[in-house]
Every structure is written in C-alpha cells, then in structure tokens.
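Peer 1: sequence first, then the predicted structure:
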Amino acid sequence: MVYQGSKNRISKYLLPIIHKYIEENNINTYIELFCGGCNLIDKVKCKNKIACDYNEDLIALLKYAKYDTELSIAPSDCSFEHYKEVREDREHKMYSQEYRALIGYMASYGGRYFDGGYGRDKKGGRTIYKERLENFKKQAPLFKDIDFYCGDYKKINIDRFKNCLFYLDPPYKDTKQYSKNVIDYDEFYNFCEKLAENNIVLISEYNMPIDRFECIWSKDVKCLQKSDRKVGEDRTEKLFICKGK
C-alpha cells in the first residue's frame, strides 16, 4: 500500500534484522504502533502480529481489506471529480469510512491521504489509482494473521507486554508530519525506554539521541516526497534499538 514514510523499499534490509531478534529471543508477539500501510508487518514471520495506528480511517480500511481481500467496494476507476467529492465527505454522510480511506490512499499523490493532491500521470500512460488498487489487492491476503487496533501509542498499557518485539516507525522528527497525532519527541523517547524494560524496541528514524539509542543499521536513500514532485532529497534511513535505562 502506498503510504507516506512506507518502509516497503527497505523492508528487505529490515526483515532479516527483525527475524534475527525474534528467533534469538523466542519472541511470540510482534507489534507495530505506527503501522501505516503495513508494508513491513505483512512480511514479518511471528506467531502473533499486532498493528496499531492513530489514524481511524486507515485502520478502518485495513480491517475491511482483511476480510474482503478483493476490495469489492472499490470503483474500477476514480476521476478527479469523484476524488474531490469523496474528499469533502469528512463526516461520512455519502461514503463509508473505509471507502473514503480507500479513495484517499489509492488516488492521492504520494499516499498522503487527501494531502498533496490527486495522483496524476502527466504523460498519460498509466492510471495511478488502478495501479495502487491492484497492488493493494495483492497485499490484502497478507493481513489475515494481523490484529488491527486504532489508538494513541501513549495510551497502551506497557505493563501488559513482556518479551515482545516492538517496531516503531513514527513520523520523523523535523519532517512533514502525516499524522493528526503530533508527537512530543522527548515524551516518545521516554516511552521507548519504559517499553524496553521488558521488551525489544526497534525504531526507524533519521536520528535519535545516541546516549539512549544505538544505531544498528543504516542506508542512504532518496526521499521523493517533495511538493514539486520532481526533486528528491538524499537521506540516511537508520534503525535504532533502545538501550533501556
């Protein structure tokens, strides 16, 4: 699923690291608290998998796709006029929550959910909506063993979880935020340390406080989410492990 900040491009590097921690520590439960488009958790091999996100519309769509892998509510095409109509239906008076989410993610530029404009192909040789819909249909069957929840990461009961592996992929600090849940990063760092007392906590970010988090992997990538849709930025994706207190 195309989603801002997706780890699909680098999943082949992250998965061996995640699976190594799962196997060496006899982990039975893998949890993502910023699951986004589920482009990593759908490939993780673990007995129990939990995906959580603050975005209610996103979770509604993922839950729907889990049980209707053919996405039968999806129209065969999506014009700009229809996209605009669905975008304006914020109270879901005309369209269901999962339908609005489907159009918002499949037809928006860069997977930015009605932020960034309608996804167009200027050369006219491809239909972005159709491509994304077909890709999402291929992904949907991989959701069958994932439990989806909507919620704020700060409100989870940390004491419930022991010997789990948490992978956290929050909106990166000092970048364009794609979540309605604005993050207090100092609070987030404290949360990670508390969580790491009884669990393994891995975090994707560009930078983290080095006295509290250790970088265990990095790779240079090109970020293509500039508003001009042409110029990319060179960034270094990093995976950190929380050292704990």
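Peer 2: Happy to help now that I have it.

Peer 1: make it CA atoms for all contacts and neighbour counts henceforth
Peer 2: Noted.

Peer 1: element containing the residue nearest the centre of the chain, please.
Peer 2: Central residue of the chain (C-alpha atoms, centre = their mean): residue 36, 1.9 Å from the mean position. If you go by DSSP states H and E, residue 36 is not part of any helix or strand.

Peer 1: repeat that for residue 19.
Peer 2: Residue 19 belongs to helix 11-24, assigned by DSSP H and E.

Peer 1: let me see the ranges of the helices in the chain.
Peer 2: For the chain, applying DSSP state H gives helices covering 11-24, 56-67, 80-88, 97-107, 128-139, 185-195.

Peer 1: contacting residues around the residue nearest to the centre of the chain?
Peer 2: For residue 36, the contact set (C-alpha atoms under 8 Å, 6 or more residues apart in numbering) comprises 3, 6, 53, 58.

Peer 1: for residue 102, same thing?
Peer 2: 61, 74.

Peer 1: quick one: pLDDT of it?
Peer 2: Residue 102 carries a pLDDT value of 97.

Peer 1: tell me how far it lies from residue 112.
Peer 2: According to C-alpha to C-alpha, to the nearest Å, residue 102 stands 12 Å off from residue 112.

Peer 1: likewise for residue 157?
Peer 2: 30 Å.

Peer 1: run through the bridge partners of residue 108.
Peer 2: Bridge pairing for residue 108 (DSSP bridges) gives the partners residue 118.

Peer 1: any idea how many residues pack against it?
Peer 2: 24 (other C-alpha atoms under 10 Å).

Peer 1: residue contacts, it?
Peer 2: Here residue 108 is in contact with 114, 115, 116, 117, 118, 119 (criterion: C-alpha under 8 Å, 6+ apart).

Peer 1: want to throw these into TSV with distance to residue 138 and pLDDT?
Peer 2: TSV is the format used below for the contacts of residue 108 (distance: C-alpha to C-alpha, whole Å; pLDDT from 0 to 100):
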residue	distance to residue 138	pLDDT
114	23	91
115	25	85
116	25	76
117	25	86
118	23	90
119	20	85
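
Peer 1: out of these, which are buried?
Peer 2: 114, 116, 117, 118, 119 (16 or more other C-alpha atoms under 10 Å).

Peer 1: what's the most distant pair in these?
Peer 2: 114 and 119 (9.8 Å; C-alpha to C-alpha).

Peer 1: counting neighbours, what do you get for residue 155?
Peer 2: 7.

Peer 1: how about residue 235?
Peer 2: So residue 235, with other C-alpha under 10 Å, has 12 neighbours.
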